[in-house]
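S.K.: Just the structure for this:
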Amino acid sequence: MGLISTPLFPRKQFFLHPVSPCVMFRTFFALLLTAALSCSTAALPAEFSPQPAYPLAHNSSLVAHDPNIIQHRGFYYLFKGGIGVPFSKSNTLDGPWEDMGPVLTGPSIIPKQNRTRPWAPAIIAKDNTFYCFYTVSHRGSNDSAIGIATSKELRSGAWKDHGAIIQTGTGPGSQKYPFKEANAIDPHVFIDPKDEQAYLIFGSFFSGMWQIPLSSDILSLKDPEHIDATRLATKPEDVKPNDEEGGFMTYRDGWYYFWFSHGKCCHFDPKHLPEDGKEYSIRVGRSKNARGPFTDKNGKPLTSGGGHVVYGSNHNKKVYAPGGLGVLSDRSQDILYYHFLNTSVGLRHTDAYMGWSYLEYINGWPVAKYEPVNSRA
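M.R.: Modelled structure (predicted):
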């Protein structure tokens with residue numbers, strides 16, 4: 001299709017209303033500029049919106065990478081990666097946050113590298129017990145494990161470390177499918193509201209993200225000898241890197257939503273940032289079944305690299321590479337939370353802050369908003 005479907009200056013208008021060469025040039029240049037901008041926008045990946053299509057993040061003023069939040073007795077409790085899995089408490093997501101100390105007062109009992117600084121915790125509450133799932137691993141490796149600690153109260157020093165529930169790379173069970181090809185990091189536990197079945201969701205790079213049923217006490221796999229594993233999301237084998245991780249599942253109005261982070265998460269060189277859209281962004285697919293298959297807004301399976309972008313970098317990188325996400329259902333309002341960087345502040349691991357956005361569902365698909373909405377309307 002041509003840039004312009006009709007003549008720039010219809011002859012009848014031209015002779016009735018003479019136009020100076022200067023005006024003609026300005027008009028022609030403006031039309032070319034408009035066409036160029038249209039082509040530039042069209043050149044972006046179809047699933048990625050140009051900046052600043054997304055709202056600014058609400059900033060919690062709390063440094064946190066891979067935050068995980070639960071609500072208990074009127075307070076928010078935020079857990080994050082770090083020495084012993086530190087956690088904080090606040091009565092609002094904006095803070096101020098009270099430091100509550102670490103979950104683990106010593107190294108994890110899992111005999112793997114980096115066990116003093118577990119990653120990406122996931123917290124759930126069930127039957128008056130709190131469960132903290134955590135990652136023990138090191139960068140670029142799948143010699144990893146997911147461990148569990150439990151407590152009857154949200155207090156440092158009150159947690160019991162049960163060790164590993166799954167391992168990859170080395171360790172008991174690591175040579176079974178899917179662990180022999182997966183990476184045991186980034187845990188999330190989803191309890192299906194329909195039947196109370198709990199699922200462990202995990203995975204990063206390597207072979208994508210997986211889901212496995214848990215036993216009723218949530219401390220072990222439902223059937224360790226015959227593992228019923230489902231792959232939820234991955235890129236095609238010929239597409240590298242397989243940079244999808246940090247899965248999170250929710251249920252709303254008959255749909256199961258599978259959320260995840262996509263792109264480069266961290267260790268950015270400020271002089272050589274990745275191409276726009278290649279950094280972390282938050283994506284989602286949905287299904288009528290907790291076990292999938294999940295597809296994005298265009299019907300593309302998540303197991304073929306699909307994923308609808310809900311939130312990405314915006315406002316000239318004041319919000320950059322948002323990811324490590326979770327979703328809170330705070331009464332009638334769903335809230336998406338995540339970590340993000342601000343390129344004008346810094347790109348180090350310690351420059352990541354917890355941010356959050358309200359969610360509105362339009363035709364069953366989540367849209368990030370700055371102002372509150374009734375997401376159940």
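S.K.: Helices of the stretch 51-200 of the chain, start to end?
M.R.: Read by DSSP state H, counting those that start in this stretch, the stretch 51-200 of the chain holds no helices at all.
S.K.: For it, which segments count as strands?
M.R.: 58-63, 68-72, 75-79, 86-90, 98-102, 119-126, 129-136, 144-151, 160-168, 188-191, 198-202 (DSSP state E, counting those that start in this stretch).
S.K.: Redo these as a markdown table? Include mean neighbour count.
M.R.: From N, CA and C alone the C-beta is placed, and that goes for glycine too. Below are those laid out as a markdown table (neighbours: other CB atoms under 10 Å):
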| stretch | mean neighbour count |
| --- | --- |
| strand 58-63 | 18 |
| strand 68-72 | 19 |
| strand 75-79 | 21 |
| strand 86-90 | 20 |
| strand 98-102 | 14 |
| strand 119-126 | 21 |
| strand 129-136 | 24 |
| strand 144-151 | 24 |
| strand 160-168 | 20 |
| strand 188-191 | 21 |
| strand 198-202 | 24 |
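S.K.: export those strands to CSV and tack on distance to His349 and mean pLDDT?
M.R.: Shown next, in CSV, are the strands of the stretch 51-200 of the chain (distance: least, CB to CB, whole Å; pLDDT from 0 to 100):
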stretch, distance to His349, mean pLDDT
strand 58-63, 9, 96
strand 68-72, 17, 97
strand 75-79, 17, 98
strand 86-90, 14, 98
strand 98-102, 18, 98
strand 119-126, 11, 97
strand 129-136, 15, 99
strand 144-151, 18, 99
strand 160-168, 23, 98
strand 188-191, 21, 98
strand 198-202, 21, 99
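S.K.: Tell me what Gln167 is bridged to.
M.R.: In this entry, Gln167 is beta-bridged to Ala145, by DSSP bridges.
S.K.: From what I see, it and Phe179 are in contact.
M.R.: Yes - using CB atoms under 8 Å, Gln167 is in contact with Phe179, at 6.7 Å.
S.K.: Overlap in contacts, those two.
M.R.: Residues within reach of Gln167 and of Phe179 at once, by CB atoms under 8 Å, 6 or more residues apart in numbering, are Gly173.
S.K.: Quick check: the nearest residue to Pro241 once chain neighbours are set aside vs Leu341, distance?
M.R.: In space, and not counting its chain neighbours, Pro241 is closest to Phe205: 6.5 Å by CB to CB, 6 or more residues apart in numbering. Distance, Phe205 to Leu341, using CB to CB, to the nearest Å: 20 Å.
S.K.: Next: Ala57.
M.R.: Here the criterion is CB to CB. By it, Ala57 lies 10 Å from Leu341.
S.K.: Now the common contact residues for those two.
M.R.: With CB under 8 Å, 6+ apart, Ala57 and Leu341 have common neighbours Val319.
S.K.: Check what contacts stretch 212-222 and list those residues.
M.R.: Applying CB under 8 Å, 6+ apart, the external contacts of stretch 212-222 come out as 124, 126, 131, 148, 150, 162, 165-166, 189, 197-200, 223, 227-230.
S.K.: do stretch 64-78 as well
M.R.: 60, 62, 79-81, 87-93, 97, 100, 119-125, 130, 154, 186, 246, 266, 324, 326, 328, 330, 337-339, 349, 352-354.
S.K.: ok, Tyr280 - contacts?
M.R.: Neighbouring residues of Tyr280 by CB under 8 Å, 6+ apart: 261-265, 321-324.
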